[in-house]
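A.B. asks: The following comprises the amino acid sequence and a computationally predicted model.
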Amino acid sequence: MFTLMLMVFIVGYILIVFEHALKINKAASALLLGVLTWTVYIIGGKNILSQGFSKSWINFSANNLNYETIKHFIVDHELPHHLAEISGIILFLLGAMTIVEVIDKYQGFRIITEKIKTTNKVKLLWLISFLTFFLSAILDNLTTTIVMVALMRKILTDKHNRWLFAGLIVISANAGGAWSPIGDVTTIMLWIGGQVTAGSIIKSIILPSFVSMVVPLTLLSFFIKGKIEKPALDKEETREFIPRRDRITILIAGVLALISVPIFKTTTHLPPYMGMLLGLGFLWFYTDVRFVFNKRTDLRKLSVNKIIKDVDTPTVLFFLGILSGVAALQSAGHLDILSGWLADEIGNIYLINIIIGVVSSIIDNVPLVAASIGMYDIAQPDAIGYASYFVQNGDFWSFLAYCAGTGGSVLIIGSAAGVAAMSLEKIDFFWYLKHISWLAIAGYLSGALTYWLLTLI
């Protein structure tokens, strides 16, 4: 049954990869993957947990293998625990997508696109990539990707160009999120867990992360030429029924709602999704109050309760399914086996982290980082030799933040930013593999080499 869980995950993953060829929506495959892995887990719980691969089970039960204890562990302990973490990501995503949709419906992005005058593809690519890199450090890589992909739709007509730009947005967003303590879920985990401090992670990772963006950006610049053709405004955008003042107000309010999330988290210590829902609540409240004092009936279509119907729900369900499946593998001990193998067979902390980064493009980086945190304790400040890599702000933790944050760019489904871009732009998995993955690998390895060279200085 332990092996069957893994096979179910692999089959579901293959269905997701071949979504366009099979014409089966990836959300459907992900939901089946998520539920069936937990189903196999609960049915074969005694067989699976008796193998002793799950650290959580050993700590929970002291090897008590009776049916009631196993059922309580899986149904009442593990599933709610992982569902709480997954729900936080889902609510965060739902809030961010809704805020971006509101800004878009109010033509707020038109304020920005009107300011972008260049039609040169290379200049535009560098502008967008740099903006994404620094914005993702302030917001986070997922929110930034949603915002920037929505912005690209207003600038680019050709699908191939949009997909190329979206690929660089994913790389830039993941690179920007890696060096900020609030830019990626994995860095947040390491920051909150005490493995790294905010100042140290910025100092040690910002240059490697920057290199991991600039290298693919430079390489792609040699292959794109010419000028862009901006898309014609649709009927909704050509109508001037939305006053410019309202467009600016909603744009500012929406961006402030997004930017306030890390501030809210740092101040209150509540999870990021609470800050995102707070921002959405204020934006929703403001627009509804505005309708009370505005008698124009043509603006009623801009009510948030109508706009929210246009949010990409399949994307949310895809996240729910794939993260549930990964959580089941983590609970059963599959990821503990992987982490243990890396520690025993590889040994070198730099190679371990590079491999973790590559694997994170296949399996979500959150459970991989969680498994790494569980596998190694924070060493004492006076530790020497191999143990010195594991002190607070040690090379293992800092390099883990870089690798787990940027390695997911190698595949389109390897990061939350990639999945968001894939869903919003309907990017084909194999198209990304052919055109973007080699760029992401070049950037990833270049950044890793930069980090290693910095440790020698």
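C.D. replies: Structure received.
A.B. asks: what element comes up after the lengthiest helix in the chain heading to the C-terminus?
C.D. replies: The residue-count maximum for a helix in the chain (DSSP state H) belongs to helix 79-105. For helix 79-105, the following helix or strand on the C-terminal side (DSSP states H and E) is helix 108-113.
A.B. asks: tell me how far that next one is from the chain's mean position?
C.D. replies: 25 Å (Cα atoms, centre = their mean, to the nearest Å).
A.B. asks: Over to stretch 320-331?
C.D. replies: So, by Cα atoms, centre = their mean, the centroid of stretch 320-331 is 15 Å from its chain's centroid.
A.B. asks: again with stretch 448-457
C.D. replies: With Cα atoms, centre = their mean, you get 26 Å for stretch 448-457.
A.B. asks: buried residues in it?
C.D. replies: Ala448, Thr450, Tyr451 (16 or more other Cβ atoms under 10 Å). To be clear about C-beta, it is placed using only N, CA and C from the backbone, and glycine gets the same treatment.
A.B. asks: same check, this time on stretch 122-130
C.D. replies: Val122, Leu124, Leu125, Trp126, Ile128, Ser129, Phe130.
A.B. asks: what's the distance between the second one and Ala421?
C.D. replies: This points to Leu124. Leu124 sits 17 Å away from Ala421, going by Cβ to Cβ, to the nearest Å.
A.B. asks: Which member of the buried residues of stretch 448-457 is positioned nearest Ala328?
C.D. replies: Ala328 lies nearest to Ala448 out of these, by Cβ to Cβ, at 30.5 Å.
A.B. asks: Not counting sequence-adjacent ones, nearest residue to the closest one?
C.D. replies: Computed as Cβ to Cβ, 6 or more residues apart in numbering, the closest residue to Ala448 that is not its neighbour in sequence is Ile354, at 5.7 Å.
A.B. asks: For whichever strand or helix holds that neighbour, name the packing helices and strands.
C.D. replies: Assigned by DSSP H and E, Ile354 falls within helix 349-359. Under the contact definition 3 or more Cβ pairs under 8 Å, 6 or more residues apart in numbering; DSSP states H and E, helix 349-359 sits against helix 365-375, helix 395-406, helix 437-456.
A.B. asks: Quick check: phi and psi on Lys227?
C.D. replies: phi -120, psi 160 (degrees, to the nearest 10).
A.B. asks: Verify the contact between it and Lys121 for me.
C.D. replies: Yes. Counting by Cβ atoms under 8 Å, Lys227 does reach Lys121; the two are 6.5 Å apart.
A.B. asks: out of the two, which sits in the busier spot?
C.D. replies: Shown here are Lys227 and Lys121; by other Cβ atoms under 10 Å, Lys121 has more neighbours (20 against 12).
A.B. asks: Tell me who's in contact with that one.
C.D. replies: By Cβ atoms under 8 Å, 6 or more residues apart in numbering, the contact list for Lys121 reads Asn161, Ile224, Lys225, Gly226, Lys227, Ile228.
A.B. asks: quick one: it from Lys46, how far?
C.D. replies: 59 Å.
A.B. asks: now Ser129
C.D. replies: Taken as Cβ to Cβ, the span from Ser129 to Lys46 is 52 Å.
A.B. asks: surely Trp163 meets Phe430?
C.D. replies: No. The criterion here is Cβ under 8 Å, and Trp163 misses it with Phe430 at 12.0 Å.
A.B. asks: Looking at these two, which is more packed in?
C.D. replies: Under the neighbour definition other Cβ under 10 Å, Trp163 and Phe430 were set side by side, and Trp163 has more, 22 against 14.
A.B. asks: Is it correct that that one falls within a helix?
C.D. replies: Yes. According to DSSP: H, G, I helix; E, B strand; the rest coil, Trp163 belongs to a helix.
A.B. asks: Could you list which residues are in contact with it?
C.D. replies: Glu425, Ile427, Trp431, Tyr432, His435.
A.B. asks: rerun at 6 Å
C.D. replies: Going by Cβ atoms under 6 Å, 6 or more residues apart in numbering, Trp163 touches Ile427.
A.B. asks: can you check the one 4 residues further on too?
C.D. replies: By Cβ under 6 Å, 6+ apart, the contact set of Gly167 is Ile436.
A.B. asks: Let's see the pLDDT reported for it.
C.D. replies: The model reports Gly167 with a pLDDT of 93.
A.B. asks: Now do it against Ile362, distance only.
C.D. replies: Taken as Cβ to Cβ, the span from Gly167 to Ile362 is 18 Å.
A.B. asks: doesn't Thr144 make contact with Leu135?
C.D. replies: Yes. Using Cβ atoms under 6 Å, Leu135 is in contact with Thr144, at 4.8 Å.
A.B. asks: So for those two, which residue has more residues nearby?
C.D. replies: When Leu135 is set against Thr144 and neighbours are counted by other Cβ under 10 Å, the residue ahead is Thr144, at 29 against 24.
A.B. asks: is it true that the more buried one touches Asn174?
C.D. replies: No. Here Thr144 does not reach Asn174: they are 9.8 Å apart, not a contact under Cβ under 6 Å.
A.B. asks: Under the pLDDT cut-off, which ranges of the stretch 301-450 of the chain? List them.
C.D. replies: Low-confidence segments of the stretch 301-450 of the chain, defined by pLDDT under 70, span residues 339, 364, 366-367, 370-371, 374-375, 386-387.
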